[in-house]
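**Q** Give me coordinates for this.
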Amino acid sequence: MALMDALFGKKKKEFKASCQITKEPLEKGYGYLLTTAQVVSSKRYWDLIMTEPETMSYTISHFKSQPSGTQMRNMIFEKYATIAKPWIVSDSIINYFEVDKPTAKDLAKKWWESEGTFTPTTTGPAAQHLEEAIFTSVKDYAVQEAGRGKVKLAN
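**A** Numbers count the residues shown, from 1 in each chain. Next up is the predicted model:
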């Protein structure tokens, strides 16, 4: 079969990846590998997510005390906090997270070598890897406070 593939030019598809936050393509071997707990623990990350064009209307509604906005922000939090796979992220976003960068870079190298199958031991939904009080604090910030500084409300 290998001879046939060589003769007819069938190549194994090259493994590629993009930053899961910015969507920018990553060069093979680059980036940082984070867990969901590390990602969702970042206030800067939540300020970014809750003020993206797709979510800003929910943020405005939330700060205008409209329950539908708060409900949507809660759903957005749950969507991200329950991701079970590790996150490959780019150099342009790593400073949003308080992580040991050399370790995250080493984990990314293992992830690339395994073509995306390597997972750190603390991979999984955030609630499984954060103390309950920390998880509650993170969720409260994401749902109740994230993006407040970018919302202008009329008096």
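
**Q** ok, then the element right after the least confident helix or strand in the chain by mean pLDDT?
**A** Each helix and strand of the chain was given a mean pLDDT (mean pLDDT, DSSP states H and E); the minimum falls on helix 2-8 at a mean of 57. Per DSSP states H and E, helix 2-8 leads on to strand 17-18 as the next helix or strand towards the C-terminus.

**Q** average pLDDT across the helix or strand that that following strand is followed by?
**A** For strand 17-18, the succeeding helix or strand toward the C-terminus, using DSSP H and E, is strand 25-26. Average pLDDT, strand 25-26: 96.

**Q** got it, and stretch 91-109?
**A** The average pLDDT within stretch 91-109 is 97.

**Q** next one: stretch 52-72
**A** Averaged across stretch 52-72, the pLDDT comes to 95.

**Q** mind saving the C-alpha coords of it as PDB?
**A** Extracted in PDB, the C-alpha atoms of stretch 52-72 (Å, rounded to 0.1, in the frame of the first residue of the first chain):
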ATOM      1  CA  GLU A  52     -16.800  40.500  21.200                       C
ATOM      2  CA  PRO A  53     -19.300  41.700  18.500                       C
ATOM      3  CA  GLU A  54     -21.300  38.500  18.800                       C
ATOM      4  CA  THR A  55     -21.700  38.800  22.600                       C
ATOM      5  CA  MET A  56     -21.800  42.600  23.200                       C
ATOM      6  CA  SER A  57     -25.600  42.800  22.900                       C
ATOM      7  CA  TYR A  58     -26.000  40.300  25.700                       C
ATOM      8  CA  THR A  59     -23.500  42.300  27.800                       C
ATOM      9  CA  ILE A  60     -25.400  45.500  27.200                       C
ATOM     10  CA  SER A  61     -28.700  43.800  28.100                       C
ATOM     11  CA  HIS A  62     -27.100  42.400  31.200                       C
ATOM     12  CA  PHE A  63     -25.900  45.800  32.400                       C
ATOM     13  CA  LYS A  64     -29.300  47.200  31.700                       C
ATOM     14  CA  SER A  65     -30.700  44.600  34.100                       C
ATOM     15  CA  GLN A  66     -32.500  42.600  31.400                       C
ATOM     16  CA  PRO A  67     -32.600  38.900  32.600                       C
ATOM     17  CA  SER A  68     -32.200  37.600  29.000                       C
ATOM     18  CA  GLY A  69     -28.800  39.200  28.800                       C
ATOM     19  CA  THR A  70     -27.700  37.700  32.000                       C
ATOM     20  CA  GLN A  71     -29.100  34.300  31.000                       C
ATOM     21  CA  MET A  72     -27.200  34.400  27.700                       C
END
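
**Q** Thanks a lot, catch you later.
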